[in-house]
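1. The following comprises the amino acid sequence and a computationally predicted model.
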Amino acid sequence: MGEHLVRSSPDGALLAASLAFAGAAGLGSAVAVRDQLPGEPFGISVPLSVPAGLLAGWGAGIAAPWPMPVAADFTS
């Protein structure tokens, strides 16, 4: 009684979606570095280069901050 029925393996569709999100974030990061698109969420700017902003988790003009796709992969 009271046992939780949780599968140890992730759902295939959820895993595919999270990996696609991580891949899209990686591609967005590469394009942001190539085109030097700085991150300015909510209009807030920080004095970081685009690669440094990505590594710090700030994100870039077309790239999600890296904690988001990492969290999506770990929760799937």
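-> That came through fine.

2. so what's Leu37 up against?
-> 31, 50, 60-63 (Cβ atoms under 8 Å, 6 or more residues apart in numbering). Quick note: C-beta positions are derived from backbone N, CA and C, even for glycine.

3. Any chance of the residues you listed in JSON lines with neighbour count, distance to Ala20 and pLDDT as columns?
-> Listed next are those as JSON lines, based on neighbours: other Cβ atoms under 10 Å; distance: Cβ to Cβ, whole Å; pLDDT from 0 to 100:
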{"residue": "Val31", "neighbour count": "14", "distance to Ala20": "16", "pLDDT": "88"}
{"residue": "Val50", "neighbour count": "21", "distance to Ala20": "23", "pLDDT": "86"}
{"residue": "Ala60", "neighbour count": "24", "distance to Ala20": "19", "pLDDT": "75"}
{"residue": "Gly61", "neighbour count": "15", "distance to Ala20": "21", "pLDDT": "73"}
{"residue": "Ile62", "neighbour count": "15", "distance to Ala20": "16", "pLDDT": "72"}
{"residue": "Ala63", "neighbour count": "25", "distance to Ala20": "15", "pLDDT": "66"}
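
4. among those residues, which are in helices?
-> Among these, the ones falling in helices (DSSP state H) are 31, 50.

5. Trp58 and Val50 touch, don't they?
-> No: with contacts counted by Cβ atoms under 8 Å, Trp58 stays clear of Val50, the gap being 9.4 Å.

6. Give me the common contacts of the two.
-> Gly39.

7. pretty sure Val33 contacts Val50?
-> Yes: counting by Cβ under 8 Å, Val33 does reach Val50; the two are 5.4 Å apart.

8. So for the two, which residues contact both of them?
-> Joint contacts of Val33 and Val50 (Cβ under 8 Å, 6+ apart) are Ala60.

9. Would you map the helices across the protein?
-> 12-35, 50-55, 67-75.
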